[in-house]
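Peer 1: Sequence plus predicted model, see below.
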Amino acid sequence: MILERLYQPNEGELIYHYCRAEAFLEIIKSRTIWQSAYYVLNDSMEREWGYSIFTKVAKQLHDEIGEASETFLRHIDAIARMAYSSSMAMISSYSLDGDVLSQWRAYADNGRGFAIGFSAKLMQMPAKQLRVLYDKDTQIRELLGNLKHIYEYEKSIGFKFDDQFQSHCANLALDLCAYKNPAFREEKEIRLVHVSGVAPEGQSKKIVALGARDQDGKRLSDPIEIRFRISDGVAIPYVVLDYTNGRIASPIKEVVLGPRNENSTSNIGFFLNTIGMLGVTIRRSSASYR
């Protein structure tokens, strides 16, 4: 895995999910988040960007080390391709900034929606929390450092390419979704990633429900059901994750009303308090957008 991409929230730090009013209502009432398949998200290069960085880094590593790295790189590339073809990344997106005009316009019904502020520390979900990196040069340096470390370790033990190596490299490949095009830099994204499966080649392709596991393979959850919804005529695969850890935690700490949201803060307060979601700060966007 790419350790540098694991999001380690500071105490009291919030991450914000921008959404339409209808989604806000569902998220609050159901205490769940819908995580959608990566290929329906708004970045047309989801996963492709990360793999393109990997290919650049692999070439650079080969140029530095020479022919001695070829077998190692072939193994890594085969594992990365297998990880991509046999998995379906289900993603929900958050921002470190709860009041960005471009976010209101793109994800919150042109400013009519909400931004929900979650305490990331309290979101105990079967999904990995990743901090997105947008600087291309930093992406290359970071990944090159990771691959060099793996190479040197494998070299020291005689290039065994064992199960631990394969598992580590598969996780690294999946973490490449935390590398994105610099054009999205303003979003300051933290993404939660749940991995579902894809039926292997040779069978009828379908998405397969998987349970989450930690980096040591320990089971964290039962398999999460694959569902479909229609949005703008497109069938969207998704999974439903409980963000309260079975009502143990209450991670929603703030709600921001969009600049064109017609609700009063007191009206949203009545709603939250009535359904038992207490102690949530409610404020309005400072954007002068109409």
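Peer 2: Arrived safely, thanks for sending.
Peer 1: so where's the chain shaky on pLDDT?
Peer 2: 201-203, 213-219 (pLDDT under 70).
Peer 1: quick one: the strands in the stretch 1-150 of the chain?
Peer 2: Ranges of strands in the stretch 1-150 of the chain, per DSSP state E, counting those that start in this stretch, are 14-19, 32-37, 87-95, 114-119, 128-131.
Peer 1: Can I get those strands in JSON lines including distance to Tyr7?
Peer 2: C-beta here means a position set from N, CA and C on the backbone, and glycine is covered the same way. Shown next, in JSON lines, are the strands of the stretch 1-150 of the chain (distance: least, C-beta to C-beta, whole Å):
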{"stretch": "strand 14-19", "distance to Tyr7": "8"}
{"stretch": "strand 32-37", "distance to Tyr7": "15"}
{"stretch": "strand 87-95", "distance to Tyr7": "9"}
{"stretch": "strand 114-119", "distance to Tyr7": "12"}
{"stretch": "strand 128-131", "distance to Tyr7": "4"}
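Peer 1: Among these, which comes closest to Gln60?
Peer 2: Of all those, it is strand 128-131 that lies closest to Gln60, at 23.3 Å by C-beta to C-beta.
Peer 1: rewinding a little: any chance of TSV for the strands of the stretch 1-150 of the chain, columns mean neighbour count and distance to Cys177?
Peer 2: Putting the strands of the stretch 1-150 of the chain into TSV (neighbours: other C-beta atoms under 10 Å; distance: least, C-beta to C-beta, whole Å) gives the following:
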stretch	mean neighbour count	distance to Cys177
strand 14-19	24	17
strand 32-37	20	12
strand 87-95	22	6
strand 114-119	24	20
strand 128-131	20	7
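Peer 1: Tell me which of these approaches Ala199 most closely.
Peer 2: Nearest to Ala199, of the strands of the stretch 1-150 of the chain and by C-beta to C-beta, is strand 87-95 at 10.3 Å.
Peer 1: Which other helices and strands does that closest one contact?
Peer 2: Applying 3 or more C-beta pairs under 8 Å, 6 or more residues apart in numbering; DSSP states H and E, one finds that strand 87-95 contacts strand 14-19, strand 32-37, strand 189-198, strand 234-242.
Peer 1: With respect to Asp97, which of the ones you listed lies nearest?
Peer 2: With C-beta to C-beta as the measure, strand 14-19 is the member of those nearest Asp97 (6.9 Å).
Peer 1: same for that closest one, what does it pack against?
Peer 2: Looks like strand 14-19 contacts strand 87-95, helix 101-107, strand 114-119, strand 252-257 (3+ C-beta pairs under 8 Å, 6+ apart).
Peer 1: Can you pull out the residues in contact with the last one?
Peer 2: When contacts are defined by C-beta atoms under 8 Å, 6 or more residues apart in numbering, strand 252-257 is touched by residues 14, 16, 24, 28, 98-99, 114-119, 263, 265, 268, 272, 277, 279-285.
Peer 1: picking up where we left off before, got JSON lines for the helices and strands packed on strand 87-95, with distance to Gln8 too?
Peer 2: Listed next are these as JSON lines, based on distance: least, C-beta to C-beta, whole Å:
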{"stretch": "strand 14-19", "distance to Gln8": "12"}
{"stretch": "strand 32-37", "distance to Gln8": "20"}
{"stretch": "strand 189-198", "distance to Gln8": "11"}
{"stretch": "strand 234-242", "distance to Gln8": "20"}
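Peer 1: right, and the ones you listed - which one's nearest Leu144?
Peer 2: Going by C-beta to C-beta, the one of the helices and strands packed on strand 87-95 nearest Leu144 is strand 189-198, 22.6 Å.
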